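> Quick one: sequence plus predicted model below, questions after.
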Amino acid sequence: MSDLIDPLTQAKEWQDQGLKVAVATVVETWGSSPRPAGSQLVVNEEAGFEGSVSGGCIEGAVVTEALDIMESGTPKLMEFGVSDAMAWEVGLACGGTVRVFVEKLEA
Amino acid sequence: MKRSLLEQLQSARDAVLPTVLITRLEDGAQALIVEDTVVTGDLAPDTALKDAAKDCLRQDKSRMVDGCFLQIFNPPLRLIVIGAVHIAQALVPMATLAGYAATVIDPRGAWASEARFPGVAVLQDWPEEVMVALKPDRRTAIVALTHDPKLDDPALAVALKSDAFYIGALGSKKTAAARAERLKAGGSDPDAIAGIDGPIGLNIGAVSPAEIAVSILAKMTLALRGPKGS
């Protein structure tokens, strides 16, 4: 369950550089989904990201939401699945459902 | 997540301590449990949540409990390879990609050179002493690849007394049977000996060192996770 670069270490480094950072974490999955609960994606205010919360299908949507959350500071639970019209748009091709918690890394 | 909590989480991970981060999804309140102690946070986990955290660590699985997400940070997986051989040269980078911290042990200087294993912890020592010092735990896989009983056997004897989740040894069925006899004569537990994976690896018809490394890593993964649907 290891990533090549540890996302949380990356988050800390970005914050050290003065960048705003948000952390996205897979908290629940149903059916087939490529990344297990606990998988993380970290995003900085320049839309740079490290880690993954899916096989690449929902990262775009999560990054967009993360940019809002690092401004507002209000955490949000996102859900992607086949029953969700949005999921078709972002293309969760694996047919699973995944819930992703997105929070700001506070100072 | 607060910066101070992240720093405590990272230092617990650096200290190789089993750690659970609890996040209440409703409002983002968090608590950090390091080993058995709640160290910090704006959330006070009750006994049920603390027990659930312990279960998560044991099962090596993060999950939702009662509106809270329990995210586990188990100590990293380790791989100890006896024998700085050709298969080890392929297995170590593969296992590193899969998240293992790898250590190679071989007292033979020509084999255990930095040039053959760039950036890898290679110990030019006799396996028996090093194995005891490394204290293999339930997050450790041990692979004996030297084909030399002088090196493999003492290492395996130490491995068999440990909680290592996978122990494999290179060699044919005949070699494996002879090795089992030697280990038995040496006083190792027969049940533990029977648990050694040998001939080593998942039977995928591997021929080249890299293919054999794939088969070993596959078997290690199976031992760690169990088959899907189990």
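Noted; the coordinates are in hand. Numbering: from 1, shown residues only, chains lettered A, B, ... in the order given.
> The strand or helix carrying A:Val42 - contacts with which helices or strands?
Assigned by DSSP states H and E, A:Val42 belongs to strand A:40-44. Using 3 or more C-beta pairs under 8 Å, 6 or more residues apart in numbering or on different chains; DSSP states H and E, the elements in contact with strand A:40-44 are helix A:7-16, strand A:21-30, strand A:49-51, helix A:59-72. For every residue, glycine as well, the C-beta is placed using N, CA and C.
> Now the spatially most central residue of chain B: phi and psi?
With distances taken as C-alpha atoms, centre = their mean, B:Thr140 lies nearest the centre of chain B, 2.5 Å away. Dihedral pair for B:Thr140: phi -120, psi 140, per degrees, to the nearest 10.
> Thought B:Ile80 was touching it, still the case?
Yes - if you go by C-beta atoms under 8 Å, B:Thr140 and B:Ile80 touch, sitting 6.4 Å apart.
> Which residues are in contact with each of the two?
B:Leu134 (C-beta atoms under 8 Å, 6 or more residues apart in numbering or on different chains).
> burial of the nearest residue in space to B:Ala52 that is not next to it in sequence, as a residue count?
Excluding the flanking residues, the one nearest B:Ala52 by C-beta to C-beta, 6 or more residues apart in numbering or on different chains is B:Val65, at 4.4 Å. Using other C-beta atoms under 10 Å in any protein chain shown, B:Val65 has 16 neighbouring residues.
> What separation do you get for B:Val65 and B:Thr23?
11 Å (C-beta to C-beta, to the nearest Å).
> What strand or helix carries B:Val122?
strand B:121-123.
> which residues sit in contact with the spatially most central residue of chain A?
In chain A, the centroid-proximal residue (C-alpha atoms, centre = their mean) is A:Ala24; its distance is 3.5 Å. Going by C-beta under 8 Å, 6+ apart, A:Ala24 touches A:Gln40, A:Leu41, A:Val42, A:Val43, A:Val53, A:Val62, A:Glu65, A:Ala66, A:Val100, A:Phe101, A:Val102.
> Strands of chain B, residue ranges please.
Assigned by DSSP state E, the strands in chain B fall at B:19-24, B:30-34, B:37-41, B:63-65, B:68-73, B:77-82, B:100-105, B:121-123, B:140-144, B:166-169.
> Name the spans of chain A whose pLDDT lies under the cut-off.
A:1-4, A:32-33, A:82-95 (pLDDT under 70).
> can you list the residues of it near chain B?
A:1-2, A:4, A:8-9, A:11-12, A:15, A:23, A:25, A:27-28, A:36-38, A:75, A:77, A:101, A:103-107 (C-beta under 8 Å from any C-beta of the partner chain).
> Find the nearest non-adjacent residue to B:Ala29, please.
Counting by C-beta to C-beta, 6+ apart, B:Ala29 lies nearest to B:Leu43, which is 4.1 Å off, once chain neighbours are set aside.
> How many neighbouring residues does the one you found have?
17.
> my read: it touches B:Glu26, true?
No - using C-beta under 8 Å, B:Leu43 is not in contact with B:Glu26; the gap is 10.5 Å.
> shared neighbours of these two, anything?
Counting by C-beta under 8 Å, 6+ apart, nothing touches both B:Leu43 and B:Glu26.
> Just the pLDDT at the closest residue to B:Arg182 other than its chain neighbours, thanks.
Closest residue to B:Arg182 in three dimensions, ignoring its sequence neighbours and counting by C-beta to C-beta, 6+ apart: B:Asp153, at 5.9 Å. Looking at B:Asp153, its pLDDT is 96.
> Who are the contact partners of B:Asp153?
Residues near B:Asp153 by C-beta under 8 Å, 6+ apart: B:Arg179, B:Arg182, B:Leu183, B:Gly186.
> will you turn these into a markdown table that also has pLDDT and neighbour count?
As requested, the contacts of B:Asp153 are exported to a markdown table (pLDDT from 0 to 100; neighbours: other C-beta atoms under 10 Å in any protein chain shown):
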| residue | pLDDT | neighbour count |
| --- | --- | --- |
| B:Arg179 | 96 | 21 |
| B:Arg182 | 97 | 15 |
| B:Leu183 | 97 | 23 |
| B:Gly186 | 95 | 13 |
